[in-house]
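> Build me a model from this:
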Amino acid sequence: MRLKDLSARIPPDLLKVLSSEISELRPAQEKAIKAGLLEGNNILVCTPTSSGKTLIAELAMVTEILRSKAKAIYIVPLKALANEKYNDFRKRYGGFLKVALSIGDLDASDSYLIDYDIIITVSEKLDSLIRHYSPWISMVRVVVIDEIHLLNDSDRGPTLEILITILRQLLKDVQIVALSATIGNPDELAEWLGAVLVQDSWRPVPLKKGVYLAGEIEFY
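Here you go, the predicted structure:
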């Protein structure tokens with residue numbers, strides 16, 4: 001699928017930004033669109049690293065923000081990753097969207113976030129924002145969960161699971177876009193999320209397996 005095929009389905013500002021970088025969608029991105037990504041369907045994407053998962057999330061977030069003046073939340077597991085996404089999104093969309101990073105004080109409601117379109121955060125901070133009754137939460141229409149396989153993590157998993165459950169109760173019309181390169185039970189997780197499962201094995205660089213011994217690698 002070529003990007004220009006989406007010209008009638010995504011906002012002009014988004015199309016213009018993406019057109020400067022890509023001309024053709026990757027397999028997982030095309031599958032996600034055919035699964036109803038742009039129509040608000042919940043999507044669980046399980047594809048290899050560098051297969052284009054983040055752009056799937058961006059398509060959902062930016063389209064909905066510009067279409068309905070809503071907000072989007074992008075949840076990551078680590079503050080370092082949150083900073084990386086903040087810099088990437090601000091560079092790409094800062095010309096027409098306001099991007100915020102909220103990873104600090106767990107005792108603050110961060111009321112200033114009402115003026116922002118995309119809020120990048122970690123699960124612990126978002127849990128705190130909800131418990132502080134941040135009024136802008138009700139304006140969120142898309143929630144992206146990066147590295148959702150961490151539901152199985154003994155430290156972060158319980159907080160993330162409860163957070164997803166609360167968000168689905170608070171925001172009846174929210175679209176959840178969950179991303180991971182490694183999920184052991186994707187069908188079960190997709191069912192729990194009420195999501196369409198998108199799987200694909202394409203990767204930009206072929207993955208080869210082999211055995212290294214005495215300075216030589218034997219591939220198989």
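
> alpha carbons only for contacts and neighbour counts from here, please
Noted.

> Tell me where this protein has strands.
Here the chain has its strands, by DSSP state E, at 43-46, 71-76, 99-102, 118-122, 140-146, 175-180, 196-199, 210-213, 216-219.

> Adjacent strands (with direction) for the longest one?
In other words, strand 140-146. Strand 140-146 sits in its sheet next to strand 71-76 (parallel), strand 175-180 (parallel), going by DSSP bridges.

> The first one too?
Pairing partners of strand 43-46, with direction, according to DSSP bridges: strand 175-180 (parallel), strand 196-199 (parallel).

> what's near enough to touch the most centrally placed residue in the chain?
The structure's the chain has its C-alpha centroid closest to residue 144; by CA atoms, centre = their mean the separation is 3.5 Å. By CA atoms under 8 Å, 6 or more residues apart in numbering, the residues touching residue 144 are 57, 72, 73, 74, 75, 176, 177, 178, 179.

> Kindly recompute the last result at 7 Å.
The contact partners of residue 144, by CA atoms under 7 Å, 6 or more residues apart in numbering, come to 57, 73, 74, 75, 176, 177, 178.

> Does the first one touch residue 178 like I think?
No: contact criterion CA atoms under 7 Å: residue 57 and residue 178 do not qualify, at 8.3 Å.

> Skipping its backbone neighbours, what lies nearest residue 49 in space?
residue 181 (5.8 Å; CA to CA, 6 or more residues apart in numbering).

> What about that neighbour, how many residues nearby?
18 (other CA atoms under 10 Å).

> Can you give me the distance of it to residue 94?
Computed with CA to CA, to the nearest Å, the distance linking residue 181 and residue 94 is 28 Å.

> Likewise for residue 112?
Between residue 112 and residue 94 the distance is 17 Å, computed by CA to CA.

> Next: residue 104.
Applying CA to CA, the value for residue 104 to residue 94 is 22 Å.

> hey, which of the strands of the chain is tucked in deepest?
strand 43-46 (a mean of 28; mean count of other CA atoms under 10 Å).

> In CSV, list the C-alpha atoms belonging to that one.
Provided in CSV are the C-alpha atoms of strand 43-46 (Å, rounded to 0.1, in the frame of the first residue of the first chain):
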residue,chain,number,x,y,z
ILE,A,43,-5.3,-3.0,17.7
LEU,A,44,-2.7,-5.3,19.1
VAL,A,45,0.5,-5.2,17.0
CYS,A,46,3.0,-8.1,17.4
